[in-house]
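In: Show me how the following folds:
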Amino acid sequence: MSVPPDLHLALADYATIYHETYGDDQAIADLVPHMLSAFLASDRGFAKARAGLAARRK
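Out: Predicted coordinates for the structure are as follows:
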């Protein structure tokens, strides 16, 4: 999967700031799953819709 150059730059900047803040080098590929999980966990509309989807699957 590829990402647009501006998104790649933002992710690279995030990794740099993460390193400066925590002193720990993390590859973008290692940070992205955690970022997506946090985003999905914080989206209440998604959680509600997902619960409805799960109920329809039963």
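In: Mind listing what's buried along whichever strand or helix holds D6?
Out: Element membership for D6, per DSSP states H and E: helix 5-22. By neighbour count on 16 or more other C-beta atoms under 10 Å, the buried set for helix 5-22 is L11, A15. Backbone N, C-alpha and C define where each C-beta goes, glycine included.
In: just how off-centre is that helix within its chain?
Out: Distance of helix 5-22 from the chain centroid (C-alpha atoms, centre = their mean, to the nearest Å) equals 13 Å.
In: Not counting that helix itself, show me its contacts.
Out: Contacts to helix 5-22, defined as C-beta atoms under 8 Å, 6 or more residues apart in numbering, come from residues V3, D24, D25, Q26, A27, I28, L31, V32, M35.
In: from the residues you listed, which single one is nearest L53?
Out: M35 (22.7 Å; C-beta to C-beta).
In: could you redo the contacts of helix 5-22 as TSV and give each row neighbour count, distance to R44 and pLDDT?
Out: Formatted as TSV, these follow (neighbours: other C-beta atoms under 10 Å; distance: C-beta to C-beta, whole Å; pLDDT from 0 to 100):
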residue	neighbour count	distance to R44	pLDDT
V3	12	26	93
D24	7	30	95
D25	10	33	96
Q26	14	28	95
A27	8	30	95
I28	15	27	95
L31	14	24	95
V32	15	22	95
M35	12	18	96
